[in-house]
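Student: here are the coordinates; sequence isn't available:
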């Protein structure tokens, strides 16, 4: 048996090197121990993730409804219907548009906020608190705050605009503006998370790099673009990845702010899944859209994985 | 580089040898103050509204000094009439249960993947890593049907159980356990301690920071989760705070002061906890966020 055990090698793997009846028994015991440790998670994992995932896939091929009638197998009929359903495409388009509109500012502004806070100006805890606090709020609370801000007659935003003689805007009722309003609310609510990751990453850049750059005569802006931004590249890749996936799953704030309206202008794909299942009670159809949504998530994840790996390899 | 150290380094202070009041720093400070103020406006506006009388809250002028004055009437009405305290209790119970169960089962599984060789380990681990990609939102329909079959609709367990599976947390904990020198455990095992004992008395105490980080992250998520509790509860007595508020939001109708008072009351617990444990919470969220790499 090797004595140089590297931290990533488990004792069990070392044991497994030599055959023999005593070691066989040890290995069996080890196997039992492993399963005993993994079992509580594994049971919950199978019951509440694997089973519903497979059951959902099955449902997507049936005409199952709330009453349990129409549960016969339909083949790909639900998928065919979904793929020719203008409401599905509209919801999908809204979701992608929301993802683009929210990801760009949520990455760029969180970086800007983190850079500003990291300058070491006085009042640091206050700045950090202000940007992070909304992240701790439930979506319902966020929506209550912002419905009030956006209120056409009584809201603060139109009130302030009115002071400057600007006509009131129907923030959530105008189909051309509603999506922007949803994005602004999302930006306010969730920027704290990205901001925190950037702030932590910034503080991990070695001080010596700045000193070396300063000795070489590089100014602050030069340092920003030649040291800080490149050093943050892995963090940026992580934040972009997490943000795109989070934005694709948007539901809460849209459902509660606009209920997907006006006229479906902000309805997201998750809301369409929810409505097909829990208002239309078409469980089979809803499951089919769920799986189309899943396919998109997988494609996006694969694309990001490839991009990040190619960058790391380069 | 350890992901944990990234988050640990959140520290104070400006860099020495710089003029603290140069023009560019003052400009930066003003920009920062403006942005922070902007970010606090929705809070401030909600607090102000909640302190007004309904008549003043429904008046269309922005007034910092309304005719009826400011007071806690709206809070008194909301607290005496509404279900907010019982919803807060439901949120607390379910969030604590979710946090405890998630940390417990994820830590046990993470330890098994990190240290114990068992038949099927690779397959199970691959399945769990693969499952990180599954959005919980796509499972609402089959999971709801399952809950009907298990008779768990409108129960605490129905809210709790599906929220205890966090494949990413297993991964984060496994990676942390991987970094603990195995020699520490070997010594105890030579002395005859079994795995569970080693795990409990050596591994867990060394893992306190990551356990706290995961717990904080899971708790915030559970406390604020909307979609699943919204689907699995129809009984108003069992609703969590976010779900209860959403269902009665319309009942307040034009009572803007009471509406804002309930929003503030719902926001308060986590905000207060945050003010007390700011450092821990920030560290926990950042650590867990980076763990998703």
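Tutor: Everything's here; your move. The shown structure was predicted, so the numbers you read here are calculated from the model rather than taken from an experiment.
Student: domains in chain B, as residue ranges please.
Tutor: The record's domain parsing of chain B by automatic domain parsing lists B:18-79, B:81-291.
Student: comparing these, which comes out most buried?
Tutor: domain B:81-291 (a mean of 19; mean count of other Cβ atoms under 10 Å in any protein chain shown). All C-beta spots, glycine's among them, are computed from the backbone N, C-alpha and C.
Student: right, is whichever helix or strand residue B:284 is part of up against chain A?
Tutor: Using DSSP states H and E, residue B:284 maps to helix B:278-291. Yes - counting by Cβ under 8 Å from any Cβ of the partner chain, chain A has neighbours in helix B:278-291: B:278, B:281, B:282, B:285, B:286, B:289, B:290.
Student: give me the average confidence score over that helix.
Tutor: The average pLDDT within helix B:278-291 is 85.
Student: and for that helix, what's in contact with it?
Tutor: Residues outside helix B:278-291 that contact it (Cβ atoms under 8 Å, 6 or more residues apart in numbering or on different chains) are A:125, A:128-129, A:132, A:135-136, A:193, A:196-197, A:199-200, A:238, A:242, B:3-4, B:6-8, B:10, B:168-169, B:171-172, B:175, B:209-210, B:212-217, B:220, B:273-274.
Student: residue contacts, the residue nearest to the spatial centre of chain A?
Tutor: The centroid of chain A falls nearest to residue A:246 when counting by Cα atoms, centre = their mean (1.6 Å). Residue A:246 is in contact with residue A:190, counting by Cβ under 8 Å, 6+ apart.
Student: which element is it on?
Tutor: Assigned by DSSP H and E, residue A:246 belongs to helix A:233-248.
Student: swap in residue B:128?
Tutor: With DSSP H and E as the criterion, residue B:128 is inside helix B:121-131.
Student: and the next helix or strand past that helix?
Tutor: Sequence-wise, the next helix or strand downstream of helix B:121-131 (DSSP H and E) is helix B:140-150.
Student: give the other helices and strands that that next one contacts.
Tutor: helix A:51-59, helix A:269-278, helix A:283-313, helix B:227-232 (3 or more Cβ pairs under 8 Å, 6 or more residues apart in numbering or on different chains; DSSP states H and E).
Student: show me what the shortest one is in contact with.
Tutor: The list of residues contacting helix B:227-232 from outside it, by Cβ under 8 Å, 6+ apart, reads A:251-252, A:270, A:274, A:278, B:94, B:136-137, B:140, B:143-144, B:147, B:152-154, B:158-159, B:162-163, B:239-240, B:242-243, B:246.
Student: in the chain, where is pLDDT below threshold?
Tutor: As the question left the chain open, I've gone with chain A. Within chain A, the stretches with pLDDT under 70 are A:1-21, A:68-70, A:313-314.
Student: please go with chain B instead
Tutor: Low-confidence segments of chain B (pLDDT under 70): B:1-20, B:250-253, B:292-293.
Student: grab the longest helix from it for me.
Tutor: Assignment by DSSP state H gives helix B:84-115 as the longest helix of chain B.
Student: is any part of that one close to chain A?
Tutor: Yes - with Cβ under 8 Å from any Cβ as the criterion, chain A is reached by helix B:84-115 at B:101, B:104, B:105, B:106, B:108, B:109, B:111, B:112, B:113, B:114, B:115.
Student: quick one, that helix and helix B:121-131 angle?
Tutor: Computed by axes from the mean of the first three to the mean of the last three Cα atoms, to 10 degrees, the angle separating helix B:84-115 from helix B:121-131 equals 140 degrees.
Student: list the helices and strands helix B:84-115 packs on?
Tutor: helix A:21-45, helix B:121-131, helix B:156-160, helix B:167-179, helix B:208-224, helix B:241-249, helix B:256-276.
Student: please identify which of those is closest to residue A:257.
Tutor: Among the helices and strands packed on helix B:84-115, the nearest to residue A:257 by Cβ to Cβ is helix B:241-249 (11.2 Å).
Student: so what does that closest one touch, helix or strand wise?
Tutor: helix A:139-150, helix B:84-115, helix B:227-232, helix B:256-276.
Student: what's the closest of these to residue A:256?
Tutor: When the helices and strands packed on helix B:241-249 are compared by Cβ to Cβ, helix A:139-150 sits nearest residue A:256, at 4.1 Å.
Student: check whether the closest one comes into contact with chain B.
Tutor: Yes - remark: helix A:139-150 sits within contact range of chain B at A:139, A:140, A:141, A:143, A:144, A:145, A:146, A:148, A:149, by Cβ under 8 Å from any Cβ.
Student: tell me the phi and psi of the nearest residue to residue A:194 once chain neighbours are set aside?
Tutor: Spatial nearest neighbour of residue A:194, excluding adjacent residues (Cβ to Cβ, 6 or more residues apart in numbering or on different chains): residue A:110 at 3.5 Å. Backbone torsions for residue A:110, taken as degrees, to the nearest 10, come to phi -70, psi -40.
Student: wait, residue A:110 sits on residue A:190?
Tutor: No - with contacts counted by Cβ atoms under 8 Å, residue A:110 stays clear of residue A:190, the gap being 9.2 Å.
Student: neighbour count winner among the two?
Tutor: Taking other Cβ atoms under 10 Å in any protein chain shown, residue A:110 and residue A:190 do not tie; residue A:110 has more neighbours (25 against 21).
Student: that one and chain B, how far apart?
Tutor: Going from residue A:110 to chain B by Cβ to the nearest Cβ, to the nearest Å gives 12 Å.
Student: residue contacts, that residue?
Tutor: Per Cβ under 8 Å, 6+ apart, neighbours of residue A:110: A:191, A:194, A:195, A:197, A:198, A:239.
Student: okay, now the second one: neighbour count?
Tutor: Which is residue A:194. By other Cβ under 10 Å, the residues close to residue A:194 number 29.
Student: ok, now which ones touch it?
Tutor: Here residue A:194 is in contact with A:106, A:107, A:110, A:111, A:239, A:243 (criterion: Cβ under 8 Å, 6+ apart).
Student: all helices of the stretch 51-200 of chain A, in order?
Tutor: With DSSP state H, counting those that start in this stretch as the criterion, the stretch 51-200 of chain A has helices at A:51-59, A:77-83, A:86-117, A:124-132, A:139-150, A:156-163, A:178-202.
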